[in-house]
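Trainee: The following block contains a protein sequence and its predicted model.
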Amino acid sequence: MKDKEKMKMRENEDASCTYDRTYRNRRVAFYGEFPYRYPGGHHKARPIAENSYLKGIANELSKSHPTLDFNSAMVTKYDSPDSSIPPHSDDEECIVPDSSIVTLSLGAARQVIFRRKLPGEYKRQVITVEHGQVYVMSRASQEDWDHSVPPVKRADFQGLRLSVTFRLLRKPTIAPPVSAPPTGNSSTSKTTQAPIRKVLILSDSKNMTFDCSLLSEPTVAFRKNLFYLRDLEQHSQSIAQADLVLISAGINDLRHGKADPITLHNHLAAFTGRFKSHFIFDSVSPVAMRADRFNGLNTDISKLNELMLEFSLRSRNFKLFDNLNFGLSHLARDGLHLNDSGKSSLSQCWVMCILIYLGIRKGFDTNSHDLTGDYDSLSTLRFNPYHRSHVINSIGNTLDQETDLSDDHWDGISNLLTNGKYQEPRHVDTSTTEELKVLSLNIRSLVKNISIIHEDITFYSKFDVLCFCETNCVAENLPNGITDIFIDGFHEPIHQPPARKSGKGGGLVTYINKRACDSQNIEKLKVNVDPNDYSGEFQFLKIHNCKGSNKTMIIVNFYRSPSKNPKNFIDLLDNIARGLDRHSRKQIMFFGDANIDLIKYDTDINGQNVIDILAKHSFAQLVSKPTRITDHSATLIDHVYTNNIENISSCNVLTYNISDHLPIATTIKVGNVSHSRRTNSDSYRYNITKQETRLFREANHQIFEQLIQAETWEDVLNTEGSSSKYNKFFEVYTKHYNTAYPLKSQRIRRKFERSDPKPWILPWLEEACARKNKLFHEKITKPTSENIAAYERHEKFCKKHTDAAKKRYYKKQFEKFKDSTKKQWTIINGLLNRGKKLTGTYRLRDSGGSFVSTESAVAEKFNTYFSGIAANIKSQISSRRTFDPGGFNEYLLGPSSQSIYLSPTNALEVNKTISSLKNKSTLDSKIEPIKIANNCSDKFSCTISNIVNSSFAEGIFPHALKTAKKRDPRDSDEGSEDDSTDGEDSDIDLGHDSDDGDD
Ligand SMILES: O=C(O)CCC(=O)C(=O)O
Ligand SMILES: [Fe+2]
């Protein structure tokens, strides 16, 4: 076609083209030898020759493509951003079966989307058709595919577009193919004149615009407002005249009228039975949780729908239209009424529903992409856009065009999401040596919750990594610095204060379990994020030799405050993901709160963008269920992303009540353990149950004393060499100890007994708490009014009794120790979670009085001190030299505060030392062995002084003491199989608890 002609056509289109139909978003002009009817439209025949431009184009086309045969042309005008044509197939009977449908595009470029609509074969192709381009579809392809021209964003709108579609239509021999509606009028349907259908819409939705023009011509529709179903009688005259009555009401009867579903059903059944007209009942849509706190209304709604469905199956003239595509996104703020998008969707649904009924349009394909999720209860709320049948499967689109990942890959994610569930914390298994288990949680103040974490250490110890966000924590401001947030069994936390100066509303803290890796294998990862970019908060960590494997994992902990622009945040994520591309062979995991609700994925552009952009970098989101559930909302805002789903075993949301968010447990296979290196994981495995224990009773003490009394220590004294002497002593002492205090099997734990019982938790209270936790799980998974009420009752009960028991316990303790300030301090520190024994943590006060606590900093201090001894002395000598010409000879001979000397010890001194150990005693029963030693120390103090003095004389420090394990003699018979622990739990206690207050 000549450009000049095309331009002319564009300029004069309005002048030269008489539109014969106007739809909401587009106008259509039809020219053809025969009339053309399709769902929602009907055009009379009109010669193409009436429009000289069209005739010109048609002539050009048939000249250049003589095989193409057509006798109609349809012009469609798209003149605004929302001008569009919804998904449809040109599958009308009147189009000749073997023909082609040819569309010429003029003016601005627009996208045309093709979707394969067969169940289980979902596919999507997008083409952009530009000015002068033609695309051809076969009539046959319409059975399997649909097509649409979607609206565009205002910013992307490039101007007017016209399309001209050429079709070969059949001469109509019979009446237009409207199948007979199942009314009494059916006998008249095969006349040349199609009967006019009268449709009555009775609806409780006010201000709803129902676009009657969307129905084809032989239909007239009118609507009336109906507030209560019980008032149907008032409309009986209109109903009697209508062929079809669509009823969209019922919610008010349930809400205000307090009608029960059964009565309503009976009423409707009796009423409709009196008429010849056909009825369609539009199912009542569930309301949002915020409008139905106790779920009573939603329960009634689903009951009513159920009854209506049943009735619909046995009734002659009544059908339920199960309107599944109504969800939370269609509701107004009150969670009850429809918003604008809801109203417009409902109106479209009614049109469809009427057309289906009239037999003009085929019924909904059950896999229809027009239908979104089913939001009727929390248990069905789910995010899974990776499923091939998902309505907005832009992922699938990405898959087709940009990545070379197979369908299996996306099916894998989809399956993982489908299997994601709400899990009770007690059902979480401790991570094995082959996997890395991560708990991610918006904790809403770590400091507030740290004591709960200490109490629930059994639960937290199941995980290898804890990623907390919204910690609201600035370690430097805590009374004891970062040690206040230490957790037993985990390395020193990696802490990042909130981006805001106030220290509120943000902050990240990541804990890595010691069994996951050694501390030197944790590395902060440098990435391309500008630290001044506050679109979000991020923490990047690399864990090398993860669980003893040769693998490195990248862990990203993140948080986006709701006050930060989501678009900037998503851009930032895009950048970060691009930056991480070079690590794509490693397992990369993102955990955090993005404050973007993925349950709203279908309607929320932020949700779609974040998923799309990360999908572009091959990341998939793994959480499928709401993670923040309040009385009025259920949102999925805590996300987990991975670049390798192959290694993900599970991703579940835990019903654990600590903050207003639920934690997520993600299990990642690390496998591939390198056997060359013995993994430490087993030795770090959290030892919940010590199978054996000793009894420290009076009778045992007596036996021990007798044994020690009878011991001559001859073997020790006769042994040569201080090291061997010491070993012999230890051997003899341990022998007696084991005889007096033999290991006994521990009793079996009660069902709900905690492995770390709090002294004030009585067994019955423990059981009550376990029941409470179970009820919490039920409240989340089945939020019926009964379940919610039961949980709330129980939670109150447990809190009341736990608090009371705790109070009673401490009151008793204070009374017991009213004469000892020191003990009282210990109690107070215990209450404040201070002075807690933190295995594997060190604190060292330097000369300036400040503390260093990381292992490397402590080691550094020691290094500096020892490597500086010589230099220090030297500097003192040289500074004396100016007035002391004798130099260092004289200096070293003279008395010096820096010099040390060892004088022999004696039994008395040893006794004193042993009894001084008592001063270190705490409420802890583990101190028992020291007490025992102290009781009969005079029986072996001689022997000890002998060992010490021989050690001084030889200048040898007993080898066994060099490792300086603060070891419970109870464990002594385990032998020394783990010399290889490299000090992981070797605890030289460098005064870390000098904050006892009165020490
Ligand atoms: O404008 C287009 O490209 C598509 C028009 C179309 O699908 C139709 O008229 O059936
Ligand atoms: Fe079409």
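Mentor: Great, that's in hand. Ligands and ions are numbered 1, 2, ... in the order given.

Trainee: and the residue of the chain at minimum distance from ligand 1, what are its bridge partners?
Mentor: Distance from ligand 1 to each residue of the chain (Cβ to the nearest ligand atom) is smallest for S163, at 3.2 Å. C-beta: built from backbone N, CA, C; applies to glycine. Taking DSSP bridges as the rule, S163 bridges to T76, S105.

Trainee: I figured it hits T103, correct?
Mentor: Yes - with contacts counted by Cβ atoms under 8 Å, S163 reaches T103, the gap being 5.4 Å.

Trainee: So for these two, which residues contact both of them?
Mentor: Both S163 and T103 lack any common contact, where contact means Cβ atoms under 8 Å, 6 or more residues apart in numbering.

Trainee: who's in contact with the residue of the chain closest to ligand 1?
Mentor: 75-76, 78, 103-106, 149.

Trainee: The same query, at a cut-off of 6 Å, please.
Mentor: If a contact means Cβ atoms under 6 Å, 6 or more residues apart in numbering, then S163 has 76, 103, 105 as its contacts.

Trainee: cool, G536 as well?
Mentor: 558, 560, 569, 572.

Trainee: and the last one, how many residues sit next to it?
Mentor: Which is L572. 22 (other Cβ atoms under 10 Å).

Trainee: so what pLDDT did it get?
Mentor: For L572, the model assigns a pLDDT of 90.

Trainee: same question, the first one
Mentor: Predicted confidence (pLDDT) at F558: the value is 96.

Trainee: Can you name the residues in contact with stretch 768-779?
Mentor: 424, 655, 657, 752, 787-788, 790-791, 794-795, 798.

Trainee: Restricting the selection to alpha carbons, write that stretch to CSV.
Mentor: Written as CSV, here are the backbone C-alpha positions of stretch 768-779 (Å, rounded to 0.1, in the frame of the first residue of the first chain):
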residue,chain,number,x,y,z
ALA,A,768,-1.0,-25.3,78.8
CYS,A,769,1.6,-23.4,76.8
ALA,A,770,2.0,-26.2,74.4
ARG,A,771,-1.8,-26.2,73.9
LYS,A,772,-1.7,-22.5,73.4
ASN,A,773,0.9,-22.9,70.6
LYS,A,774,-1.2,-25.5,68.9
LEU,A,775,-4.3,-23.2,69.1
PHE,A,776,-2.2,-20.4,67.5
HIS,A,777,-1.5,-22.7,64.6
GLU,A,778,-5.2,-23.5,64.2
LYS,A,779,-6.1,-19.8,64.5
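
Trainee: will you turn the contacts of G536 into a markdown table that also has distance to N647 and secondary structure?
Mentor: Below are the contacts of G536 laid out as a markdown table (distance: Cβ to Cβ, whole Å; DSSP: H, G, I helix; E, B strand; the rest coil):
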| residue | distance to N647 | secondary structure |
| --- | --- | --- |
| F558 | 20 | strand |
| R560 | 26 | coil |
| F569 | 27 | helix |
| L572 | 26 | helix |
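
Trainee: Looking at those residues, state which has the most neighbours.
Mentor: Busiest of these [other Cβ under 10 Å] is R560, holding 27 neighbours.

Trainee: ok, the nearest residue to it once chain neighbours are set aside to Q587 distance?
Mentor: Once flanking residues are discounted, R560 sits nearest to G536: 4.3 Å by Cβ to Cβ, 6 or more residues apart in numbering. For G536, the distance to Q587 equals 22 Å [Cβ to Cβ, to the nearest Å].

Trainee: Next: H544.
Mentor: When H544 is compared with Q587 (using Cβ to Cβ), they lie 12 Å apart.

Trainee: model confidence over the helix ranked longest in the chain, on average?
Mentor: With secondary structure taken from DSSP state H, the chain has its longest helix at helix 785-816. Helix 785-816 shows a mean pLDDT of 83.

Trainee: What is it packed up against?
Mentor: helix 763-781 (3 or more Cβ pairs under 6 Å, 6 or more residues apart in numbering; DSSP states H and E).

Trainee: rerun that using 7 Å as the cut-off
Mentor: Under the contact definition 3 or more Cβ pairs under 7 Å, 6 or more residues apart in numbering; DSSP states H and E, helix 785-816 sits against helix 763-781, helix 821-831.

Trainee: Including mean neighbour count, distance to M553 and mean pLDDT, could those go into TSV?
Mentor: Output for the helices and strands packed on helix 785-816, formatted as TSV (neighbours: other Cβ atoms under 10 Å; distance: least, Cβ to Cβ, whole Å; pLDDT from 0 to 100):
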stretch	mean neighbour count	distance to M553	mean pLDDT
helix 763-781	18	30	83
helix 821-831	16	36	70
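
Trainee: Just put the ones you listed in a markdown table and tack on distance to F222.
Mentor: Converted to a markdown table, the helices and strands packed on helix 785-816 look like this (distance: least, Cβ to Cβ, whole Å):
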| stretch | distance to F222 |
| --- | --- |
| helix 763-781 | 46 |
| helix 821-831 | 74 |
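
Trainee: what does this structure put close to ligand 1?
Mentor: Applying Cβ under 6 Å from any ligand atom, we find that the chain lies next to ligand 1 at 74, 76, 85, 90, 103, 112, 147, 149, 163, 165.

Trainee: Taking the residues you listed together, which two end up most distant?
Mentor: Considering Cβ to Cβ, no two members of the residues of the chain next to ligand 1 lie farther apart than M74 and V112, which are separated by 15.0 Å.

Trainee: Which of the helices and strands in this protein ranks last by mean pLDDT?
Mentor: helix 681-684 (a mean of 30; mean pLDDT, DSSP states H and E).

Trainee: follow-up on the earlier one: please check the contacts of stretch 768-779 and keep the buried ones.
Mentor: Buried members of those, scored by 16 or more other Cβ atoms under 10 Å, are 424, 655, 657, 752, 787-788, 790-791, 794-795, 798.

Trainee: which regions of the stretch 101-250 of the chain lie under the pLDDT threshold?
Mentor: 119-120, 173-196, 210-218 (pLDDT under 70).

Trainee: Using neighbour counts, pick out the buried residues of the longest helix of the chain.
Mentor: 787-788, 790-791, 794-795, 798, 801-802, 805, 809-810, 813.

Trainee: Between helix 763-781 and that helix, find me the angle.
Mentor: 150 degrees (axes from the mean of the first three to the mean of the last three Cα atoms, to 10 degrees).

Trainee: hang on, isn't F271 packed against D231?
Mentor: No - counting by Cβ atoms under 7 Å, D231 is not a contact partner of F271; they are 10.7 Å apart.

Trainee: More neighbours: those two, which one.
Mentor: Using other Cβ under 10 Å, the more surrounded residue of F271 and D231 is F271, with 18 against 15.

Trainee: can I assume that one sits in a strand?
Mentor: No - checked against DSSP: H, G, I helix; E, B strand; the rest coil, F271 lies outside a strand; its state is helix.

Trainee: For the stretch 651-800 of the chain, which segments count as helices?
Mentor: 681-684, 698-710, 714-718, 722-740, 763-781, 785-816 (DSSP state H, counting those that start in this stretch).

Trainee: Figure out how far the last one is from the centre of its chain.
Mentor: For helix 785-816, the distance from its own C-alpha centre to the chain's C-alpha centre is 31 Å (Cα atoms, centre = their mean, to the nearest Å).

Trainee: Give me the angle between it and helix 821-831.
Mentor: Going by the same axes, to 10 degrees, helix 785-816 makes 170 degrees with helix 821-831.

Trainee: what does the fourth one give?
Mentor: Here helix 722-740 runs at 80 degrees with respect to helix 821-831, directions being taken by the same axes, to 10 degrees.

Trainee: What are the contacting residues of helix 722-740?
Mentor: Identification of contacts with helix 722-740 by Cβ atoms under 7 Å, 6 or more residues apart in numbering yields 700, 703-704, 707-708, 711, 713, 715-716, 719, 943, 947, 950-951, 954, 956, 958-961, 969, 972-973.

Trainee: Please check the residues you listed and keep the buried ones.
Mentor: Of those, these count as buried by 16+ other Cβ under 10 Å: 700, 704, 707-708, 711, 713, 716, 719, 943, 947, 950-951, 958, 969, 972.

Trainee: ranges for the strands of the stretch 201-350 of the chain?
Mentor: 219-225, 244-248, 278-282, 318-321 (DSSP state E, counting those that start in this stretch).
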